[in-house]
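# Structure, please.
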Amino acid sequence: MAHGWTALANAWATTGFTGWSSAWSTAWSTAAPAGTFWHALADLLAQLPAWARGGADMLLYLTPSIALAFLIWMLTALHPLFFVFSAAGTLCHELAHFSVGLLLGAEPTGFSIVPRRQGRTWELGSVTFANLRWWNAAPAALAPFLVLLVPLTAAWWRTRGDWHFGAADLALTLLLAPQFLSFWPSPVDWRLALRSWPWAVLIGLGGIGLYAWHHDLFQFVKA
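Predicted coordinates:
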């Protein structure tokens, strides 16, 4: 089986990180003995549709960023000085609040990414609003979920076709890792989002109405 692992090593050397591209699938199939789980897995991966292989490539590309995010999380628990490594994520988190609030008329009046001690915890940044109402509270408060689009878009961009994990990708890893620590809304964000409870009622009533009259609605659309 040594020749199979040599083929896999050659694929690594010639293609770098290329996800489950044809070179990797062929090399892995050669490396894994026929009839084994790994051989079956290689065959399965080779038969995946293009969108699934693309998603696998994106996940592989983001794995170093996710691992680095975990390391940053552990370091920041040791000393506040390490918050500097999460600054890019804090900036995107607060910009998401600010941008969505501005678009929906929440009237942002303050913006900060300077860490501040709040009892036993730290507030890494903040955005204040002057016009937070039931209809814009949840979108503005939960806007950090949009931060996930940053690493996903970068991964999609960098893994189109055959790809290599080079120096530029290493630099991107340093910028993308903090985004995995910043996309989740804070407890304060969740409490502010509760002001939008009427949306839950409206969405619930809309769902009930759609379920009750979906047959008539679809008949109308077909007509």
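# which intervals of the protein have sub-threshold pLDDT?
Counting by pLDDT under 70, the chain has low-confidence residues at 1-46, 214-223.
# Contacts only, for the spatially most central residue of it.
Among the residues of the chain, the one closest to the centroid is residue 148, at 3.3 Å (CA atoms, centre = their mean). Shown in contact with residue 148 (CB atoms under 8 Å, 6 or more residues apart in numbering): 179, 183. Placement of C-beta: from N, CA and C, glycine included.
# Doesn't it belong to a helix?
Yes - counting by DSSP: H, G, I helix; E, B strand; the rest coil, residue 148 is part of a helix.
# Which stretches in the protein count as helices?
Using DSSP state H, the helices of the chain run over 2-15, 22-31, 37-46, 50-78, 87-103, 134-141, 149-158, 167-176, 179-182, 187-193, 197-222.
# Tally up the residues packed near residue 172, please.
21 (other CB atoms under 10 Å).
# dump the residue contacts of it.
Counting by CB under 8 Å, 6+ apart, residue 172 touches 65, 154, 158.
# quick one: which of the residues you listed has the most company?
Of all the contacts of residue 172, residue 65 has the most neighbours under the rule other CB under 10 Å, reaching 22 neighbours.
# So what's the residue count around residue 168?
Neighbour count of residue 168, defined by other CB under 10 Å: 10.
# measure it to residue 105 for me?
Residue 168 sits at a distance of 39 Å from residue 105 (criterion: CB to CB, to the nearest Å).
# What of residue 170?
41 Å.
# Then residue 196?
The value you get for residue 196 to residue 105, if CB to CB is used, is 14 Å.
# intersection of neighbour lists for the two?
With contacts taken as CB under 8 Å, 6+ apart, residue 196 and residue 105 have residue 136 as neighbours in common.
# Of these two, give the one with the bigger neighbour count.
Neighbours per residue, other CB under 10 Å: of residue 196 and residue 105, the larger number sits with residue 196, 20 against 13.
# Who's the closest spatial neighbour of the more buried one, skipping the chain neighbours?
Distances taken as CB to CB, 6 or more residues apart in numbering put residue 138 closest to residue 196, at 3.4 Å, once the chain neighbours are dropped.
# Could I get the contacting residues of the one you found?
192-193, 195-196, 199.
# quick check, nearest of those to residue 208?
Nearest to residue 208, judged by CB to CB, of the contacts of residue 138 is residue 199 at 14.9 Å.
# Counting neighbours, what do you get for that closest one?
Neighbour count of residue 199, defined by other CB under 10 Å: 15.
# now the one 5 residues further on
Counted by other CB under 10 Å, the residues lying close to residue 204 total 10.
# Check residue 201 too.
Residues near residue 201, counting by other CB under 10 Å, number 9.
# on that earlier part again, and among the helices of the chain, the most buried is which?
helix 179-182 (a mean of 24; mean count of other CB atoms under 10 Å).
# what's in contact with it?
Contacting residues not belonging to helix 179-182 are listed as 65-66, 69, 72-73, 86, 88-90, 92-93, 144, 147-148, 150-151 [CB under 8 Å, 6+ apart].
# Just the CA trace of that helix, in CSV.
Extracted C-alpha coordinates of helix 179-182, given in CSV (Å, rounded to 0.1, in the frame of the first residue of the first chain):
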residue,chain,number,x,y,z
GLN,A,179,-15.3,36.4,12.7
PHE,A,180,-16.2,32.9,14.2
LEU,A,181,-15.9,34.5,17.6
SER,A,182,-18.0,37.6,16.8
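# I'd like the distance between residue 163 and residue 206.
Plainly put, residue 163 is 43 Å away from residue 206 if you go by CB to CB.
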